[in-house]
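A.B. asks: here you go, sequence then predicted model.
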Amino acid sequence: MDIYQLRYFLAVVETSNFSRAAERAFVSQPTLSTGIKKLETELGAPLFNRDARKISLTEAGRRFLPHARTIIYECNAAKTDITRKNPVQRLQLGLLRSAPSSRIAALLNDFGKAHPDIQISIKDGTPAQLQRWLDEGRIDLAISLPPEDISNTQFTRLYTWKYMLAVPSSHSFANRNAIPLKELDGLDFLHRSHCEGETEVTRSFSSAGVNPHIVFRTDQDEKALAYVGAGLGLCMMPDILTGPGVTLVPVEGINIDRVIGLIWLRESEKDLIHSFHMFATSHDWHPDKSAAKNLDWAR
């Protein structure tokens with residue numbers, strides 16, 4: 001199997017046409033067709049359904065596609081790494097699944113501009129998964145909850161979030177200083193299934209005899225915020241999450257918070273970790289305080 005055959009294969013996938021694929025690969029159509037045929041012979045299966053009107057992938061082609069893309073990506077990365085003036089350094093970052101994506105994206109964007117020779121690879125997971133990956137050396141550091149065992153780990157606080165009630169900005173609750181928990185009984189709610197504090201929220205609701213009507217369950221914060229803003233339901237969520245048309249209001253009877261920070265192994269005090277630590281600790285984790293009400297008490 002040759003690299004040029006994989007490039008021909010991907011060109012056909014991207015264009016759905018052998019003629020246009022040949023133009024993209026800068027070869028004649030017969031040359032491209034021969035290369036594809038050799039690849040199929042080596043793999044022992046046809047990769048394309050050659051219909052008169054449309055070219056589509058076979059089942060074997062669909063399975064082969066991610067492998068081809070990975071191989072080409074790694075080849076290009078290797079070439080760039082060797083030819084560039086300064087060698088690329090790679091930072092393996094573990095990320096708490098419920099961490100605010102917009103804040104993380106802003107942090108990584110700023111860090112990338114300041115450190116163009118550092119590539120970041122991200123793995124998201126639960127606190128337990130992140131700790132295991134740290135112990136196994138699969139990640140260099142993680143943005144997560146404080147570790148239970150601090151004997152071999154370092155932890156630096158980045159921000160603290162507190163559970164608030166997300167309501168549409170046009171909702172009558174949006175102008176209130178706080179909402180008694182009892183007033184939430186029977187109201188339409190969105191449930192964030194992936195957040196570490198949801199179990200405590202559910203327990204607090206149950207203890208108070210409050211039974212919300214769950215209209216939707218999601219593990220995507222952007223979707224939850226969009227649906228709240230559209231008036232589909234209310235949602236309990238960390239105050240660090242904000243969205244257009246959404247106001248955050250405290251709930252009397254709910255006092256749940258979490259500290260989020262950087263975790264790394266004590267023996268892994270290398271320059272990459274130090275550089276990222278400096279950026280993360282100086283990052284503005286609450287840039288839009290106007291989107292939430294009365295949040296000074298939550299810091």
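C.D. replies: Now that the structure is in, tell me what you want to look at.

A.B. asks: can you map out the strands along the protein?
C.D. replies: Assigned by DSSP state E, the chain shows strands spanning 48-50, 55-57, 89-96, 118-125, 141-144, 153-168, 179-180, 188-192, 213-218, 235-238, 246-249, 251-252, 257-265.

A.B. asks: give the buried residues for stretch 123-135.
C.D. replies: Buried positions in stretch 123-135, judged by neighbour count with 16 or more other CB atoms under 10 Å: 124, 125, 127, 129, 130, 131, 133, 134. All C-beta spots, glycine's among them, are computed from the backbone N, C-alpha and C.

A.B. asks: would CSV of these with distance to residue 280 be doable?
C.D. replies: Below are these laid out as CSV (distance: CB to CB, whole Å):
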residue, distance to residue 280
124, 16
125, 18
127, 17
129, 20
130, 15
131, 18
133, 18
134, 16
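
A.B. asks: distance to residue 20 and mean pLDDT added to the strands of the chain, as a markdown table?
C.D. replies: Output for the strands of the chain, formatted as a markdown table (distance: least, CB to CB, whole Å; pLDDT from 0 to 100):
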| stretch | distance to residue 20 | mean pLDDT |
| --- | --- | --- |
| strand 48-50 | 14 | 88 |
| strand 55-57 | 10 | 88 |
| strand 89-96 | 35 | 90 |
| strand 118-125 | 32 | 89 |
| strand 141-144 | 43 | 93 |
| strand 153-168 | 47 | 92 |
| strand 179-180 | 58 | 96 |
| strand 188-192 | 44 | 94 |
| strand 213-218 | 39 | 94 |
| strand 235-238 | 46 | 93 |
| strand 246-249 | 45 | 95 |
| strand 251-252 | 57 | 94 |
| strand 257-265 | 48 | 90 |
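
A.B. asks: out of the ones you listed, which gets nearest to residue 282?
C.D. replies: Each of these has some distance to residue 282 by CB to CB; the shortest is strand 153-168, at 10.1 Å.

A.B. asks: can you show me the CA trace of the closest one as CSV?
C.D. replies: Provided in CSV are the C-alpha atoms of strand 153-168 (Å, rounded to 0.1, in the frame of the first residue of the first chain):
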residue,chain,number,x,y,z
THR,A,153,-0.5,14.9,42.6
GLN,A,154,-0.4,18.7,42.5
PHE,A,155,-3.6,20.8,42.3
THR,A,156,-4.1,24.4,41.5
ARG,A,157,-7.6,26.0,41.6
LEU,A,158,-8.7,27.7,38.4
TYR,A,159,-12.3,28.7,39.2
THR,A,160,-15.3,27.8,41.4
TRP,A,161,-18.8,27.4,40.1
LYS,A,162,-22.1,27.3,41.9
TYR,A,163,-25.4,25.7,40.8
MET,A,164,-27.9,28.3,39.5
LEU,A,165,-31.3,28.2,37.8
ALA,A,166,-31.1,29.0,34.1
VAL,A,167,-34.2,30.6,32.8
PRO,A,168,-35.2,32.5,29.6
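
A.B. asks: what lines up beside that strand in the sheet?
C.D. replies: strand 235-238 (antiparallel), strand 246-249 (antiparallel), strand 257-265 (antiparallel) (DSSP bridges).

A.B. asks: for residue 103, find the nearest of the strands of the chain.
C.D. replies: The nearest among those, by CB to CB, is strand 153-168 at 8.3 Å.

A.B. asks: and the closest one, which residues are buried?
C.D. replies: In strand 153-168, counting by 16+ other CB under 10 Å, buried: 153-155, 158-168.

A.B. asks: would you list those residues in TSV and tack on distance to residue 81?
C.D. replies: Shown next, in TSV, are the buried residues of strand 153-168 (distance: CB to CB, whole Å):
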residue	distance to residue 81
153	31
154	29
155	32
158	30
159	34
160	39
161	38
162	44
163	44
164	45
165	49
166	44
167	49
168	49
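
A.B. asks: what residues are up against residue 234?
C.D. replies: 165, 166, 167, 171, 173, 184, 187, 188, 189, 190, 212, 228 (CB atoms under 8 Å, 6 or more residues apart in numbering).

A.B. asks: actually residue 210, not the one I wrote
C.D. replies: With CB under 8 Å, 6+ apart, residue 210 has these contacts: 181, 182, 184, 185.

A.B. asks: got those residues as a markdown table, with pLDDT columns?
C.D. replies: Shown next, in a markdown table, are these (pLDDT from 0 to 100):
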| residue | pLDDT |
| --- | --- |
| 181 | 95 |
| 182 | 95 |
| 184 | 96 |
| 185 | 95 |
